[in-house]
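Participant: Sequence plus the predicted model coming up.
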Amino acid sequence: VVAATAQLAQRTAEAAAHEIHIETRPVPRRPVAASVAELVGQTQLLRLPLARVLDGVPEGAEVLAKVELGNPLASSKDRPALFMLRGAEERGQLTPGTGIVVEATSGNTGISLAALSAARGYRCILVLPDNATPERVGILRAVGAEVVQTPHQGGYAAAVARAEEIHHATPGSWFCCQHENADNVRAHYESTGPEIWSDVDGEIDVFVCGVGTGGTLSGAGRFLKERRPSVRVVAVEPEGSPLLSGGEPGTHAIPGFNGGFIAATTDRGLIDEVVTVSDADAVTAARRLACDLGLLVGVSSGAVVHACGVLARRPELANQRVVTLLPDTGERYLSLWARADAELAGTR
Ligand code: PMP
């Protein structure tokens with residue numbers, strides 16, 4: 001240790017003696033944000049070489065992916081959370097400083113709502129089934145949410161019923177209800193859609209989008225189709241619960257995708273095609289995005305990229321510009337990756 005330390009000290013002295021020349025370049029000036037809310041949106045597109053992450057995809061096939069982990073709470077849900085809070089404030093349903101936000105969710109909407117509520121001085125009460133992972137409950141509490149749990153046997157419906165009860169029993173509270181809230185869709189119509197359109201300079205042929213509440217697809221999809229009616233909107237849903245394909249509700253392991261029903265915020269009229277993806281294919285694609293491209297995103301991101309691969313294998317789509325959206329960070333699923341990787345290793 002002594003010898004190594006002496007060697008390091010000598011190298012440092014040599015480096016200092018050698019004048020290190022560093023040039024600075026001007027970088028564009030951006031405004032200083034006044035709150036976390038001002039950091040929401042303006043995420044970038046990333047070119048994904050599909051053949052590097054999916055087998056059997058033609059060399060050269062690529063997709064442009066909007067990387068939503070660039071939002072302050074690391075998911076696309078920052079956008080609707082902010083728009084829904086602002087909408088409630090404008091309607092007088094929330095009073096800055098004293099309001100109370102109530103929602104039934106264990107997902108990204110809860111994280112975004114809790115953090116943005118904290119920034120605005122609101123209490124935030126989130127109701128979730130008692131089988132939500134400790135990881136998930138920990139994140140919600142870490143951003144200031146009060147967590148109420150309902151028996152998981154009652155599913156999402158039990159959580160909604162309890163949230164409604166809490167809302168009615170709590171004066172000054174507002175029930176967000178993202179599945180019915182028009183501001184969820186508006187967020188993507190006013191931010192996600194215009195950002196994509198501007199960043200591709202109007203050159204987009206296909207928009208591939210996962211569906212949970214349908215807010216992203218309905219808002220961004222509508223904006224893009226209004227600008228360019230030929231844009232093909234492809235919805236991605238779980239094979240285990242293929243509702244938009246006309247199938248039965250079921251269980252699946254793609255967090256953020258449908259909770260067994262088609263939400264009122266889903267505009268089915270915009271959808272040109274539905275691609276279903278299995279849980280295993282979604283996880284595999286997400287692992288490859290992380291390990292082959294260094295892009296640590298969630299399971300639903302794996303699902304939409306897998307769907308892009310299905311499209312890329314069709315010859316007629318060879319020269320089309322495909323854009324998709326990767327909803328969240330893969331840091332939220334660490335225990336799942338560990339399990340998936342162990343299973344994969346076991347099959348080799
Ligand atoms: N993926 C993830 C990880 C999500 O949190 C969500 C939001 N529920 C979605 C996909 C689907 O987005 P949307 O609700 O806008 O359909």
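Facilitator: On my side now, so go ahead. These figures come from a predicted structure and were not determined experimentally.
Participant: show me the contacts for residue 199.
Facilitator: For residue 199, the contact set (CB atoms under 8 Å, 6 or more residues apart in numbering) comprises 44-45. The C-beta positions use only the backbone N, C-alpha and C, and glycine is treated the same way.
Participant: nope, residue 188 is what I was after
Facilitator: By CB under 8 Å, 6+ apart, the contact set of residue 188 is 79-80, 215-216, 218-220, 223.
Participant: do the same with residue 265
Facilitator: The neighbours of residue 265, taking CB under 8 Å, 6+ apart as the test, are 178-182, 184-185, 213-215, 218.
Participant: which pair in the contacts of residue 188 spans the largest distance?
Facilitator: Within those, 80 and 223 form the most distant pair, 14.5 Å apart (CB to CB).
Participant: Looking only at neighbour counts, state which of those two leads.
Facilitator: It is residue 80, of residue 80 and residue 223, that has more neighbours when counted by other CB atoms under 10 Å, with 31 against 22.
Participant: Does the more buried one touch residue 109 like I think?
Facilitator: Yes - using CB atoms under 8 Å, residue 80 is in contact with residue 109, at 6.9 Å.
Participant: Now do the shared contacts for these two.
Facilitator: Common neighbours of residue 80 and residue 109, counting by CB under 8 Å, 6+ apart, are residue 178.
Participant: What number of residues are in the vicinity of residue 286?
Facilitator: Residues contacting residue 286 under the criterion other CB under 10 Å number 29.
Participant: Same check on residue 88?
Facilitator: Based on other CB under 10 Å, the number of other residues close to residue 88 is 20.
Participant: which residues touch it?
Facilitator: The contact partners of residue 88, taken as CB under 8 Å, 6+ apart, are 94, 99, 174, 176.
Participant: Tell me the backbone dihedrals of it, please.
Facilitator: When read as degrees, to the nearest 10, the backbone of residue 88 gives phi -60, psi -40.
Participant: Please report how far it lies from the ligand.
Facilitator: To the ligand, residue 88 is 18 Å away according to CB to the nearest ligand atom, to the nearest Å.
Participant: now residue 48
Facilitator: From residue 48 over to the ligand the distance is 17 Å, taken as CB to the nearest ligand atom.
Participant: what do you get for residue 42?
Facilitator: For residue 42, the distance to the ligand - CB to the nearest ligand atom - is 18 Å.
Participant: For that residue, grab the count of nearby residues.
Facilitator: 12.
Participant: Am I right that it falls within a strand?
Facilitator: No - read with DSSP: H, G, I helix; E, B strand; the rest coil, residue 42 is coil and lies in no strand.
Participant: What is the burial count for the nearest residue to residue 116 once chain neighbours are set aside?
Facilitator: The spatially closest residue to residue 116, leaving aside those adjacent along the chain, is residue 81, at 5.3 Å (CB to CB, 6 or more residues apart in numbering). Per other CB under 10 Å, the neighbour tally for residue 81 reads 32.
Participant: again with residue 200
Facilitator: By other CB under 10 Å, 15 other residues sit near residue 200.
Participant: My read is that it contacts residue 231, right?
Facilitator: No - taking contacts as CB under 8 Å, residue 200 lies outside contact range of residue 231: 10.6 Å.
Participant: Would you mind naming the helix or strand containing the residue in the stretch 151-300 of the chain positioned nearest to the ligand?
Facilitator: Going by CB to the nearest ligand atom, the ligand is nearest to residue 256 of the stretch 151-300 of the chain, at 2.3 Å. Counting by DSSP states H and E, no helix or strand carries residue 256.
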